[in-house]
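J.: build the 3D model from these lines:
(chains A and B)
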Amino acid sequence: MESSENQILMLGLPESGKTSFLAALYHFVDSDVPHKTLSQSKYSKNTTYLNYIVSKWLNCELIGRTAESTGTSTKEVVLHLLDNRHGVKFDLNIPDMAGESFVRQYTERTWELDYKVQAENSDGIIMFINPGKVRAHVLIDEVSAALNILGDDEETEEIIDFDPEKSPSQVMLVDILAGHAETFFGKRQKLAIVISAWDEQIAGNKSPARWLELNLPLLHQYLITNRETFIYKIFGVSAQGGSIVKPDSVLTLQKISEPADRIIVQDEDNTHKNICAPIEWIIEEW
Amino acid sequence: MATDLETLKVCPQTGCSYNTNGLCMENNGSDCQFLQSVLKDELLVETEVDSRQDIELFQLASNQEIEEINIARITNRFPCNLIVLIGEPECGKSTLYAALFDKFNKGGCSGYYFSGTSTSIAFERRCHHARVISQNNQPKTERTYSHEFAYLHLSVRKMSLSVPSQHLLFADVNGEKYQAARNDDEEMQSLTLLKSSDHIFFIADGELLMNGGKKHSIKADVLKLIGRAIQNQMISTEKGVNLLITKWDKINESKKEDEVNKFLVEAIESKFPGYLKKTIHIASRSQNPEVIAGTGIEDFFELCLSTPEAVEYDYEDMIETLPKMRQFQKFKYQD
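T.: As a prediction, the model looks like this:
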């Protein structure tokens, strides 16, 4: 049986959870988790990078940001997958691109030419958002009343000049998506939005879609109003399953016998451990 | 890019790609004030140490203000409402743009959702000084030293999604240009965008209208500007003009609402009967608990969107046809 080749882009600002997701995904498709829909059909030609990030993930260690030392700031990743439901093999190309590259798309207004080709040929997009790294904007009007009540009469610090790199995350993300929409040439594209580190949000009892609506309203509006361009679905995903910074949490995570059981995925109101869910949703109509 | 055999112009600004492909971040081309002349040899040394020199780059649109010469990249794709804001320097124009953009940053506005912008960085620049991150203690917006003509783009869509996105182009013309137009017929006639516009707003600084020493000159300037525009047939009674009185929170705090209205609004209505269509009181920012921040922004926005020929689209039909549609340029700038 011949494999078809498909490409999914992973977008996200720095530390948005792209690489942790990829590590957990690679372990998941390669492990003996029962009832999974996607599994690895064969090893990729070169899995040095994947093995490195999976090793870190298995040990509950910080993976670190995607290095830019290669010059192109992109790690090429190809997974050979089997869709167990239909017995169909396919290759999935998921380049892991450093978050800084996406910031540059906004601030320097450039795309690496190779990336442009990938974008034009992509079959779907996963955009990652880490709630803990979202840069919101706070208006002076909103805090001035509170400061007046507190009697804050400190002298003004030196005024900081505008720096596009400090723009609110949602403005950057909308801009990045709009740039990609230019490459669709009128066809609709599937967009899975992954709210990462979801273990920290799950107690809030809100669906991932509601979280996005409340916390990134500009992005929420953009998605709704551009439904002729993007078919989107929002997932909450904790690839690690908990904090890998707090020692107690790390110990708890390390006690779980099957590392794939650490994974938390919320898909609308359903919570499960299938980290392939965003990919399955993207490929379901291929 | 090259000016002669020995020297080249280079831009030292971070983020500007003029040095690599000649595209100016400020949209000023080879006339940009930031460009510096260097010897070719010096430039070669600099490019050799650029760590990303071997990566081929594709240039995206700058998302700064759109220069008039490039405006067709929007108007060729979408029908747009052209909005012209006329006001003296520091009248609150940039603050108004910032307040409108921030409305969408927080949620929808007047039953509309944000659906995109081609000038996100230009809007962000205007918003910056009203935000805590600027460490500014007063929510005053940075004064923009704009080009003579530059545009901000905002697209919005009804929350019902019953119609496609509507596009607004705000002509951001610097105050000095209007000062010149107030005094000179030729300068006024060069403002051809007044004729092409869908809505014209005159902005009066509300704080100055309470200043006994300055309010008379403010009124005189507004009247002269309207008068010269009428004299040169740049505005008509059909389209008329609208008046925005900014910093209304301060006028309210001083209990001078009636006084200001009589002083300016009645003067315009009396001198130019039939021309003044609407007066909107604006408080983009407010530290007055009696006037909420954003007062008047929705009225301004709704007026910007209004057109005499609003068309309701069939949504299902639109999904089929929109990608194939070619929107023709609604207005053209004139030399």
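J.: is stretch A:10-26 anywhere near chain B?
T.: No: Stretch A:10-26 is not in contact with chain B by CB under 8 Å from any CB of the partner chain; minimum separation 14.5 Å. For every residue, glycine as well, the C-beta is placed using N, CA and C.
J.: how about the CA coordinates for that stretch, as CSV?
T.: In CSV, the C-alpha atoms belonging to stretch A:10-26 read as follows (Å, rounded to 0.1, in the frame of the first residue of the first chain):
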residue,chain,number,x,y,z
MET,A,10,2.6,24.0,13.7
LEU,A,11,2.3,27.7,14.5
GLY,A,12,2.9,29.3,17.8
LEU,A,13,4.8,32.1,19.6
PRO,A,14,7.8,31.1,21.8
GLU,A,15,7.1,28.6,24.6
SER,A,16,3.6,27.9,23.3
GLY,A,17,3.9,24.1,23.7
LYS,A,18,4.7,23.0,20.1
THR,A,19,7.7,20.8,20.9
SER,A,20,6.2,19.3,24.1
PHE,A,21,3.1,18.4,22.0
LEU,A,22,5.3,16.8,19.3
ALA,A,23,7.3,14.8,21.9
ALA,A,24,4.1,13.5,23.5
LEU,A,25,2.6,12.8,20.1
TYR,A,26,5.6,10.8,19.0
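J.: same question for that stretch: list its buried residues.
T.: A:10-13, A:15-26 (16 or more other CB atoms under 10 Å in any protein chain shown).
J.: where does A:Lys187 sit: helix, strand or coil?
T.: coil (DSSP: H, G, I helix; E, B strand; the rest coil).
J.: let's see stretch B:285-300 as CSV, backbone CA atoms only.
T.: Included here for stretch B:285-300 are C-alpha records, laid out as CSV according to Å, rounded to 0.1, in the frame of the first residue of the first chain:
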residue,chain,number,x,y,z
ARG,B,285,-10.0,57.9,27.6
SER,B,286,-11.6,59.1,30.8
GLN,B,287,-10.6,59.6,34.4
ASN,B,288,-14.0,61.2,35.1
PRO,B,289,-16.3,58.7,36.7
GLU,B,290,-19.3,60.5,35.2
VAL,B,291,-18.1,59.8,31.7
ILE,B,292,-17.1,56.3,30.8
ALA,B,293,-14.0,55.7,28.7
GLY,B,294,-15.0,55.1,25.1
THR,B,295,-18.0,57.5,25.1
GLY,B,296,-18.9,58.3,21.6
ILE,B,297,-16.7,55.7,20.0
GLU,B,298,-19.6,53.5,19.0
ASP,B,299,-21.6,56.4,17.5
PHE,B,300,-18.5,57.3,15.5
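J.: quick check: mean pLDDT across it?
T.: For stretch B:285-300, mean pLDDT is 91.
J.: interface residues of the stretch 151-286 of chain A facing chain B?
T.: A:156-160, A:162, A:164, A:166-168, A:170-171, A:174-175, A:178-179, A:186-187, A:217-218, A:221-222, A:224-228.
J.: next SSE after the lengthiest helix in chain B?
T.: In chain B, assigned by DSSP state H, the helix with the most residues is helix B:215-231. Using DSSP states H and E, the next helix or strand after helix B:215-231 towards the C-terminus is strand B:241-245.
J.: model confidence over that next one, on average?
T.: Computed over strand B:241-245, the average pLDDT equals 96.
J.: what's that strand packed up against?
T.: Helices and strands touching strand B:241-245, by 3 or more CB pairs under 8 Å, 6 or more residues apart in numbering or on different chains; DSSP states H and E, are strand B:199-204, helix B:215-231, strand B:276-281.
J.: and the first one, which strands flank it?
T.: The reference is to strand B:199-204. Strand B:199-204 has the following strand partners under DSSP bridges: strand B:80-87 (parallel), strand B:241-245 (parallel).
J.: for those strands, give me a markdown table that also has mean neighbour count.
T.: Below are the strands paired with strand B:199-204 laid out as a markdown table (neighbours: other CB atoms under 10 Å in any protein chain shown):
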| stretch | mean neighbour count |
| --- | --- |
| strand B:80-87 | 23 |
| strand B:241-245 | 24 |
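J.: ranking the helices and strands packed on strand B:241-245 by burial, who's on top?
T.: Across the helices and strands packed on strand B:241-245, the average number of neighbours (mean count of other CB atoms under 10 Å in any protein chain shown) peaks for strand B:199-204, which reaches a mean of 24.
J.: could you give the angle of that one to strand B:276-281?
T.: Angle, strand B:199-204 to strand B:276-281, by axes from the mean of the first three to the mean of the last three CA atoms, to 10 degrees: 50 degrees.
J.: which residues are contacting strand B:199-204?
T.: With contact meaning CB atoms under 8 Å, 6 or more residues apart in numbering or on different chains, strand B:199-204 is reached by B:81-88, B:91-93, B:96, B:194, B:218, B:222, B:225-226, B:235, B:239-246, B:264, B:300, B:303-304, B:306.
J.: quick one: contacts of stretch A:219-227?
T.: Under CB under 8 Å, 6+ apart, the answer for stretch A:219-227 is A:170, A:173-174, A:177-178, A:181, A:191, A:193, A:212-213, A:230, A:232, B:104, B:107-108, B:113-116, B:156-157, B:161, B:165.
J.: A:Ile63 is nearest to which of the strands paired with strand B:199-204?
T.: Closest approach to A:Ile63 among the strands paired with strand B:199-204 (CB to CB): strand B:80-87, 46.0 Å.
J.: what's the following helix or strand past the closest one packed up against?
T.: Proceeding C-terminally, strand B:80-87 gives way to helix B:93-106 as the next helix or strand, assigned by DSSP H and E. If you count contacts as 3+ CB pairs under 8 Å, 6+ apart, helix B:93-106 packs onto helix A:217-225, strand B:80-87, helix B:120-128, strand B:149-158, strand B:166-173, helix B:297-305.
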